[in-house]
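1. whatever this is, show me its structure:
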Amino acid sequence: MVFSLRLPEEDRALLILLALAFLATRLPVLGYLPFVQDEGIYAIMIDEQAQHPTLVPTFLGHEVSWKPAPFFWAYAALSRLPLPLEIAYRFPSLLFGLLTIFPLYHLMRNATGAGPKTAFAATLAFLLSSVSIYPDTSLLTDTLSFLFICSSLYLYTEKKFDDKRFIAAGALAAAAFSIKLVVAGIVPVLAVAYFWFRGEKDVLSRPLFLASLLGVPLAAAVVFVSLQGGSMAHQLFFSDIIGHLIGAQSPSGPRDLPNIVASIAFASPGPWLLLSLIGVAKFWRTERFMALWWLILIFPMSASVFQPWYYLPVMPAIAYFAVRAVERRGITGAAIFAMCAMLALALLLFTDGLSYQQYMPQKEAGMLLAGKENALVIGNYAPGIAAYKMATEQRTLGRTLDFGWVLTPPGFRDLGEFSRDYWTAKYPVQDGSFGGMFTTGDIFRKETNITKFQYIAISSQGDYSVTGAEKLMDSPSIKVYRVGG
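-> Residues are numbered from 1 along each chain as shown. Next comes the predicted model:
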């Protein structure tokens, strides 16, 4: 009996309790943060797909290879509710996270042989982590991808279905790849490991099981072909994916030892990870499948900095071993569990508070520029400015207004050149498509018909200012000016 708690024995009752815990920890923070960096990019792309669905997603009207289109189709269909702006775009994530509870809970039971209370506690630990709360309340690809991953693994492990379940499991793994790409590779690895460690090696040679393993590579082939196998396909598979996995730089900082340590402390499973170390040390010999799943955390540790959602595919194993570490310790175990949960939630609120201060200026600048056609956004990567301007105009006017946008790499100082002459040829610039902005240090310039700008938003840590202009907004990272009357 886990923690000697008086919990219901029925799966349905436990699932209802888990759903209540999910809503209690997600709803209060769903609309708290402004769009955080890539969320702004995705919001723009979702609106473009809502208006003109395309096989290859677009950004500012140009095809880009960053993510496959199905994510944007799904969110375009589900983010049109009359809700506050951030909540509307994040509502699909909340829905997909809620739907994940059922396959995850049953996967915990099937993969470990645990009773309902252990599966409940492990799923609850998963839900009470920043790793799961943050993507469920953000505009990211991870929640939908994780729903498909959990559903696929659930079908692989659910014995009440016949072998035809393997085809459905492979299809769900393919769907996961179509959302989050290589992360879906965890499914065939764990599917093979599950039957191998259970001594059911005969399953590994069954035709339907073998066919199911083709789901991920077939999805990869479809994505490659959808990008015409040309420059965008090569950029996605060889520059974006491989470069991100083995490069020294993550999207949020260098992968040096101080950043990795800080990331593990503040943007990882945190206290659950520490507690799980005890569980792994005690039970890895008898829980070899879950131990292998737990070991996969080496990839998010090495591939990301301050990106908690990267740990999502391995969080179930971490949560499970954290519970195993304390489940037979009675009141003491329950107290340790509660302390880990409170610390995890406190760390989430702390990092959310920092993010609020850091990214709210982008929202304020975007809202200030909304409805103003002769506007220019120039400087470092701050997509929230353009996202809030465009999304607000789409909501209030039914269309977005033309504006200028010059995205410069960190350290670029000559912003005045582009504010004086938008189409200057002084520096090499990528015009139109922003497709390489995550992988190159180039300057990118949006197409516009505007020749003279009255409102200029500067995103820069430097001391650049617009001479003779009225300053409408002044923050450490963003300033907005009005030129003339």
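2. please make it C-alpha for all contacts and neighbour counts, starting now.
-> Fine.
3. how close does the residue minimising distance to the centre of the chain get to Y89?
-> Using Cα atoms, centre = their mean, the residue of the chain that lies closest to the mean C-alpha position is L140, 3.6 Å off. Distance of L140 to Y89, computed by Cα to Cα, to the nearest Å: 10 Å.
4. ok, now A344?
-> Using Cα to Cα, one gets 25 Å for the distance from A344 to Y89.
5. quick revisit: now the residue nearest to the centre of the chain, nearest residue through space, not along the chain?
-> Spatial nearest neighbour of L140, excluding adjacent residues (Cα to Cα, 6 or more residues apart in numbering): E39 at 6.7 Å.
6. quick one, domains of this protein?
-> Per automatic domain parsing, the domain ranges recorded for the chain read 2-328, 360-482.
7. right, and R324 touches A281 too?
-> No - under the contact definition of Cα atoms under 8 Å, R324 does not touch A281, with a separation of 10.6 Å.
8. which of those two has more residues huddled nearby?
-> R324 (22 against 12; other Cα atoms under 10 Å).
9. now name the helix or strand holding the more buried one.
-> Here R324, judged by DSSP states H and E, is contained in helix 315-326.
10. that helix packs against which elements?
-> Secondary-structure packing of helix 315-326 (3 or more Cα pairs under 8 Å, 6 or more residues apart in numbering; DSSP states H and E): helix 85-112, helix 116-127, helix 271-283, helix 288-295, helix 330-369.
11. about what we covered before: the residue nearest to the centre of the chain: what's it in contact with?
-> L140 sits next to 39, 42, 93 when contact means Cα atoms under 8 Å, 6 or more residues apart in numbering.
12. now do the last one against L227, distance only.
-> What that stands for is S93. With the distance defined as Cα to Cα, S93 ends up 26 Å from L227.
13. where along the stretch 351-485 of the chain do the strands fall?
-> Per DSSP state E, counting those that start in this stretch, the stretch 351-485 of the chain carries strands over the ranges 375-379, 404-407, 429-431, 443-445, 455-459, 470-474, 478-482.
14. okay, the ones you listed in JSON lines with distance to L277 and mean neighbour count next?
-> Compiled in JSON lines, the strands of the stretch 351-485 of the chain are given as follows (distance: least, Cα to Cα, whole Å; neighbours: other Cα atoms under 10 Å):
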{"stretch": "strand 375-379", "distance to L277": "44", "mean neighbour count": "26"}
{"stretch": "strand 404-407", "distance to L277": "44", "mean neighbour count": "23"}
{"stretch": "strand 429-431", "distance to L277": "48", "mean neighbour count": "15"}
{"stretch": "strand 443-445", "distance to L277": "45", "mean neighbour count": "21"}
{"stretch": "strand 455-459", "distance to L277": "43", "mean neighbour count": "27"}
{"stretch": "strand 470-474", "distance to L277": "47", "mean neighbour count": "15"}
{"stretch": "strand 478-482", "distance to L277": "43", "mean neighbour count": "23"}
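15. wait, isn't G270 in contact with L345?
-> No - taking contact to mean Cα under 8 Å, the distance of 10.2 Å between G270 and L345 leaves them out of contact.
16. the more surrounded of the two?
-> When G270 is set against L345 and neighbours are counted by other Cα under 10 Å, the residue ahead is G270, at 21 against 17.
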